[in-house]
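> show me the folded form of this:
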Amino acid sequence: MKKRIFLKAPLLTRSGYGEQARFLLRALRSREELFDIFIQPLEWGKTSWISEVTEERQWIDETIEKTIAYLQQGGQFDASIQVTIPNEWEKLAPINIGYTAGIETTKVAAPWLQRGNDMDSIIVVSSHSKNTYEKTVYTAENPQTKHQTEYRLTTPITTVNFPIKKYDTYPDVDLELEYDFNFLVMAQMGPRKNVGNTIKWFIEEFRNEEVGLVLKTNMAKNCLLDREKVYHDFRRLVERQGPRKCKMYLLHGDMEDNEVHSLYLHPQIKAVLSLTHGEGFGLPLFEAAYSEVPVIAPGWSGQLDFLVNRKTGKTEFFNVEYDLQPIPEQVVWEGVIIKESMWAYPREHSAKQKMRECYANYEEAQQQAATLAARVTVEFREEKQNEQMVNVICDALGINSVQQDEQIVEFG
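Presented below is the predicted three-dimensional model:
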């Protein structure tokens, strides 16, 4: 009998958690003989919702209607899978699985341990998230006896990385770039992505050269008001750097997945640059990696799962040096990002050096990118990652995930 799975997730949002939720859904749908899926869609902050009319979107809409009718009839579920930050996890079914991108810093908040221990299984997107969750320890004190004990995560936790994506067509994206060599930055405007320093250090390094930087960004949504705010902030950051020959481009607006991937394939986009403070996984860097585009990024946090060869330990990207230091006070988010945690601060000289190395030695950069792409497209192929996700869920449910071959038995 199929297991009734209640999926509570921001499935329809244009966000990292939205991508995560859709990967999970596709994995579940790949084994429809095992799972009867029900959906409660969530908002994700102020992010936009996907608008494409696809078979998947139609299926999701129909399943949401099925879920509403089932709940109105008092229907129950065998298990819940909740795709969100851990302090929002709840006991919604006999078996509950929490699925989170984890954390971009060095320590999780105490409520994450409490809610995590309420779950029967936890899935995260990277080894960094898993290790940070497992290594976080708090001291708990009995108010009566004053006896102190260590409080840590006890729930089983498993890393399942994202799969690569392939498309039948990649539309032409006319960027109207003046120079042949351009870096691409895919980053939401905000402290964690370190966009201000990225712009500043790029201009300082290439001020009088025919090199460009394309920033694909937004604040939250892809609407006109968001664009006006982003344009104002971008222009202020750029004008602050003074006269220059290098070019700066702002790209804003809703793009379908295959259009985003077309950016990586654009003949004038030569490398993807990120000076992030930390990533749960780093989807744009992952997409660049399997699209055979050189990657420049700090050597810390979730992106190392795919940028470093697991067998040899060799880095296959332009590895920016960094320092781990406390997060700034203004990014503290109660119950999520705590003031006791740290994240990576890329070093200015190293960031400029790696940009320069990529630009000056581009044939070598292309060779490195090709090696990285060849490995990543095998290690993270969709069928493999779907199977890994299904296996983790089946283990939590206590059922067999092995597909049985059909057999015809002849009776005399």
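> which residue ranges form the helices in the protein?
In the chain, helices defined by DSSP state H lie at 16-29, 55-72, 110-118, 127-135, 195-206, 224-239, 257-265, 283-290, 304-307, 348-360, 362-379, 382-397, listed in chain order.
> mean neighbour count and distance to Tyr249 added to those helices, as CSV?
Just so you know, the C-beta spots here come from the backbone N, C-alpha and C atoms, and that holds for glycine as well. Shown next, in CSV, are the helices of the chain (neighbours: other CB atoms under 10 Å; distance: least, CB to CB, whole Å):
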stretch, mean neighbour count, distance to Tyr249
helix 16-29, 21, 23
helix 55-72, 14, 31
helix 110-118, 19, 39
helix 127-135, 20, 31
helix 195-206, 19, 11
helix 224-239, 14, 10
helix 257-265, 17, 11
helix 283-290, 24, 16
helix 304-307, 23, 25
helix 348-360, 18, 16
helix 362-379, 16, 20
helix 382-397, 18, 32
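> between those helices, which gets the lowest average pLDDT?
When the helices of the chain are compared on mean pLDDT, helix 224-239 scores lowest, with a mean of 92.
> quick one, that helix and helix 195-206 angle?
Helix 224-239 and helix 195-206 are oriented at 40 degrees to each other (axes from the mean of the first three to the mean of the last three CA atoms, to 10 degrees).
> so the residue nearest to Ile157 when sequence neighbours are not counted bridges to which residues?
In space, not counting the residues next to it along the chain, Ile157 is nearest to Ile122; the distance is 4.3 Å by CB to CB, 6 or more residues apart in numbering. Taking DSSP bridges, one finds Gly98, Ile157 as the beta-bridge partners of Ile122.
> wait, Ile122 touches Tyr133, no?
Yes. Under the criterion of CB atoms under 8 Å, Ile122 makes contact with Tyr133 at 7.3 Å.
> who touches both of the two?
116, 153, 157 (CB atoms under 8 Å, 6 or more residues apart in numbering).
> looking at these, which is nearest Asn182?
Ranked by distance to Asn182 (CB to CB), the shared contacts of Ile122 and Tyr133 are led by Ile157 at 39.7 Å.
> so who does Ile269 touch?
When the contact criterion is CB under 8 Å, 6+ apart, the partners of Ile269 are 175, 182-184, 214, 263, 293.
> check those for burial and list the buried ones.
175, 182-184, 214, 263, 293 (16 or more other CB atoms under 10 Å).
> returning to what we had before: around the residue nearest to Ile157, how many other residues sit close by?
Other residues near Ile122 number 28, with proximity taken as other CB atoms under 10 Å.
> and the gap between it and Gly280?
Counting by CB to CB, to the nearest Å, the gap from Ile122 to Gly280 is 14 Å.
> would you agree His147 is in contact with Glu141?
Yes. The pair His147 and Glu141 passes the contact test of CB under 8 Å, sitting 7.1 Å apart.
> tell me the contacts of the closest residue to Thr371 other than its chain neighbours?
Counting by CB to CB, 6+ apart, the nearest residue to Thr371 once its immediate chain neighbours are dropped is Glu316, at 5.9 Å. Taking CB under 8 Å, 6+ apart as the criterion, Glu316 is in contact with 307-309, 368, 371-372, 375.
> now these in JSON lines, with distance to Asn96?
Below are the contacts of Glu316 laid out as JSON lines (distance: CB to CB, whole Å):
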{"residue": "Leu307", "distance to Asn96": "33"}
{"residue": "Val308", "distance to Asn96": "33"}
{"residue": "Asn309", "distance to Asn96": "36"}
{"residue": "Gln368", "distance to Asn96": "43"}
{"residue": "Thr371", "distance to Asn96": "41"}
{"residue": "Leu372", "distance to Asn96": "37"}
{"residue": "Arg375", "distance to Asn96": "35"}
